[in-house]
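Enquirer: Task: produce atomic coordinates for the following.
(chains A and B)
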Amino acid sequence: MTLSNEPTLSKELSLSKEELEKRVAVLERKAEREKKARNLAENQLEKYSLDIYEANQSLKSALASATQKQSELEYLAQTSSKVASEVPLSEMIDKVVALTGTFCAACCGAYITSEQGKEVKGKSDDVWHLDDSWQPNDEFRKAIHSTLPIAESRVLDSWAVLDLEPNCVEKHAVFTSLFYTNFALSGDKVGWLVFLTKTGAFNPDVLSVLKTSREHVLSGVRRRLTDVRILKRNVQLQDSLNKLEKARRQLIQSEKMASLGQLAAGVAHEINNPIAFVRSNMEVLKDYLADYKSFNNELKATFDKNQTLDAALFEKISQTLDLTYIEEDSEDILQSNLEGLERVKGIVDNLKGFSHAGDEALVEMSLNTCISAALKIAGNLFKYEHKIDNKMSNACPKILGNLGQLQQVFVNLFVNAAQAMETAGLLTIDYGENKKGVVVRITDTGSGMDEETLKQLFTPFFTTKPVGEGTGLGLSVSYAILEAHGAEVSVDSKLNVGTTFTILFPSI
Amino acid sequence: MKGIVFVKFNEFIEELWGDEFWDTLLDEADLPSEGIYTSVGTYDDQELFTLIQLVVEKKNISSKDAQFAFGKWVFKELYNVAPAGAHDFKDVFEFLHAVQDFIHVEVKKLNPDALLPEFEFLSETANTLSFNYLSPRKLCFFCEGIVHGLAEHTGQQITVSQLECEHEGDNRCVIEVVKI
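Expert: Sure thing, here's the model as predicted:
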């Protein structure tokens, strides 16, 4: 279809004027369209260029804002993690100063504390610098002293920015502004975070981020201050606990001595009895010895006179003095004396064991031995009208306990039982075993207790006895001792019928 | 429709019947754009349909033939201005797949508002590929022509036919390309 140029040319040359004019008109219109199209395209390109430029600009600003946001987030995250960590207050604050200074591109910054409007001298004069070094900076100190309203001591709820007057930093007119915040510490103390910058204008976005981080830091400071308080309180509590423990031991001992006092009369009687018969026996023995002396003297006199001993005479004197009886009786008397002294020794031994403070260690021990010893101490409180039915035996399983302390408990219970059964009655002691351990029951047929008394049974200083007779500590101390043994106590009582104490000792 | 199509249609008509014929077409068509086309602009689809209709009337050919011929001619023109990377294909089928997956993606990057036809591939064997031509412009014959132009470029012998065609009363246009 395409025609070569030459024929076209020759054809055009051969065209008439009219045809030529028509041809020119076509070409002119074509050229006009081309021109307009070019303008159109150029405008379009310009528009594209503008669009691209604008897109580029908005991308740049988006990137800048993203970068800013990222650095804000990084700053907040790092601050938070420092605040949440377990590092001590001073280390945390130093790190916050460095992070905040870096984030705001401040020249230098520091944490200072003030008390009643005056700066408290810290351990170090070091100031943080943008190159992340800590070193003293006199210009910083001067600028702070002339600008920071430490004397006001007003606690801010955010950050404050101060423009530095050129004259206030005099020749060191390098700093253009100062920003700071403060917060209350314990007592009248106030903590200040202060930074100096060289660039004047302060970005309000940064302030809002700083405000957020300030809240974090504050919570971290409060937490650490609380920790310190708790630690102090803990030490105090531990101290009180130690004192209480000491007091408890003293109380147990003094209660023991007090009950010993109550028992003293009975114990004295118990000791007095054997001593009385030992003494009267000794009187008899003294007579017997005199008889032997006279027998001996008579024999000696006869021998001196006759130089010989007459068997008949010997027999006669022997019969007169009834030596056979004296010999037999002397043996009985000596035996009886030995037994009497043995009884005294036993009582004294038990008393010694009872009053001895001893340590509190729990060792394997026999409840039977313990209860027998306690009965010996408290036994004389029970009169002839009283019956004691002790069903304890060595078959009773051993428990972990402190012999002295448990003896104190049982003495206390027996004394109470004896006092509850004024005229006559039966004290029964028996034991049993269950899954949890060894149960000891002590039952009396005494006056019993009403509910009011039962409720306060183990309350210290509660007593039903007349003033001067009971300390009101016996059962509460017993309860404390049993508790320390891991034992459970329960009481069953009926007025005018009797009382049963049931003690469950954990098995070994 | 993107200006490149109008610019190329202008070139195609002038090459075939001279600039006077083009001048006559514009004069009679009385288009809103006055025929001032530039490849960076976008113009109403209807202008192209009006111009094709005038060609059909004046040269007494079918619209189908006109679209087909323009499609076949315009392939190499479009190919020359296609984005870098669109020239690595040696096979018709491969290229047709790439139209959807690569070339149209690149076109969209430069002209986010461009309305492009979609190919929904229905079946493919070593020698036969059929796809559903989806375009609100319904230029399926133009598309057939382009595929022919493509085969001419790759030096492959093919036949192109429509198994279904909206212009024949079907619900869709399915184009089948067979390598001979």
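Enquirer: Please make it C-alpha for all contacts and neighbour counts, starting now.
Expert: Fine.
Enquirer: And the strands in chain B, which stretches?
Expert: Per DSSP state E, chain B carries strands over the ranges B:118-124, B:128-134, B:158-164, B:173-179.
Enquirer: Okay, helices next: where are they in the chain?
Expert: Let's take chain A. Ranges of helices within chain A are A:5-13, A:17-84, A:89-104, A:138-147, A:204-306, A:311-321, A:323-355, A:367-378, A:403-420, A:451-455, A:474-484, based on DSSP state H.
Enquirer: my bad, chain B
Expert: B:3-29, B:45-59, B:63-81, B:92-98, B:104-110, B:140-154.
Enquirer: mind listing what's buried in stretch B:171-180?
Expert: By 16 or more other CA atoms under 10 Å in any protein chain shown, the buried positions in stretch B:171-180 come out as B:172-178.
Enquirer: buried set for the least confident helix or strand in chain B by mean pLDDT?
Expert: Here the helix or strand of chain B ranked lowest by mean pLDDT, DSSP states H and E is helix B:104-110, holding a mean of 84. For helix B:104-110, burial by neighbour count (16+ other CA under 10 Å) applies to B:104, B:106-107.
Enquirer: quick revisit: select, from the buried residues of stretch B:171-180, the two members most distant in space.
Expert: Using CA to CA, the buried residues of stretch B:171-180 span at most 19.5 Å, a distance reached by B:172 and B:178.
Enquirer: nearest to residue A:118, of the helices of chain B?
Expert: Nearest of the helices of chain B (CA to CA): helix B:104-110, 66.9 Å.
Enquirer: From the structure, what's the count of residues near residue A:478?
Expert: 25 (other CA atoms under 10 Å in any protein chain shown).
Enquirer: Give me the residues contacting stretch A:26-38.
Expert: Defining contact as CA atoms under 8 Å, 6 or more residues apart in numbering or on different chains, one finds that stretch A:26-38 is touched by B:19-20, B:23, B:35-38.
Enquirer: Tell me the one of these nearest residue A:448?
Expert: For the contacts of stretch A:26-38, the residue nearest residue A:448 by CA to CA is residue B:38; the value is 120.0 Å.
Enquirer: For that closest one, grab phi and psi.
Expert: phi -140, psi 150 (degrees, to the nearest 10).
Enquirer: about what we covered before: who wins for proximity to chain A among the strands of chain B?
Expert: The closest of the strands of chain B to chain A is strand B:158-164. By CA to the nearest CA, the value is 25.0 Å.
Enquirer: Residue A:216: neighbouring residues, count only.
Expert: Look at residue A:216: counted by other CA under 10 Å, it has 19 neighbours.
Enquirer: Just the pLDDT at it, thanks.
Expert: As predicted, residue A:216 sits at a pLDDT of 89.
Enquirer: That one contacts residue A:81, correct?
Expert: No. Using CA atoms under 8 Å, residue A:216 makes no contact with residue A:81, being 9.7 Å away.
Enquirer: what's the domain layout of chain B?
Expert: B:3-61, B:68-179 (automatic domain parsing).
Enquirer: picking that back up, among the helices of chain A, single out whichever gets nearest to residue B:5.
Expert: helix A:17-84 (14.4 Å).
Enquirer: for the residue nearest the centre of chain A, what are its contacts?
Expert: Centroid check for chain A by CA atoms, centre = their mean gives residue A:234 as the closest residue, at 6.4 Å. Residue A:234 makes contact with no residue, according to CA under 8 Å, 6+ apart.
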